[in-house]
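> Mind folding the following:
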Amino acid sequence: MSGKKDAAPEAEYLYKGIGTRAFERRFNLADYVTVSGARLKNGLLTVELLRELPEAMKPRRIAIATGGATWSEPRARATSRRPETAGFFRS
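Numbering: from 1, shown residues only. Next comes the predicted model:
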């Protein structure tokens, strides 16, 4: 984005609040983000961004079986990580 003031006859001002010099501003967009449109209205720049993720990166739904599901491998024994139940502290 860049901007510059149109050439106009120089007027004498008591105070210039906003600088009238040329400017340039650059933005780095994230991966998979594209600019779909931009408009300047009443001095406000609005940029419309569109994020398009590839199918491989989109979240997926995985069905979880409940009830009578059986495992072919034996389950690992659950252990507690709390020191009170691991025998570190004795009463």
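> The helix or strand where residue 34 lies packs against which elements?
Take DSSP states H and E as the rule and residue 34 turns out to sit in strand 33-41. Taking 3 or more CB pairs under 8 Å, 6 or more residues apart in numbering; DSSP states H and E as the contact definition, the neighbouring helices and strands of strand 33-41 are strand 44-51. All C-beta spots, glycine's among them, are computed from the backbone N, C-alpha and C.
> so where do the helices sit in the protein?
Listed in chain order, the helices of the chain (DSSP state H) amount to none at all.
> neighbours around residue 57, how many?
If you count neighbours by other CB atoms under 10 Å, residue 57 ends up with 8.
> tell me the contacts of the nearest residue in space to it that is not next to it in sequence?
Take residue 57 and drop its neighbours on the chain: the residue closest to it by CB to CB, 6 or more residues apart in numbering is residue 32, 7.8 Å away. Counting by CB atoms under 8 Å, 6 or more residues apart in numbering, residue 32 touches 51, 52, 53, 54, 57.
> Sketch out the low-pLDDT regions of this protein for me.
For the chain, residues meeting the criterion pLDDT under 70 lie at 1-9, 20, 68-91.
> one more time with 50
For the chain, residues meeting the criterion pLDDT under 50 lie at 91.
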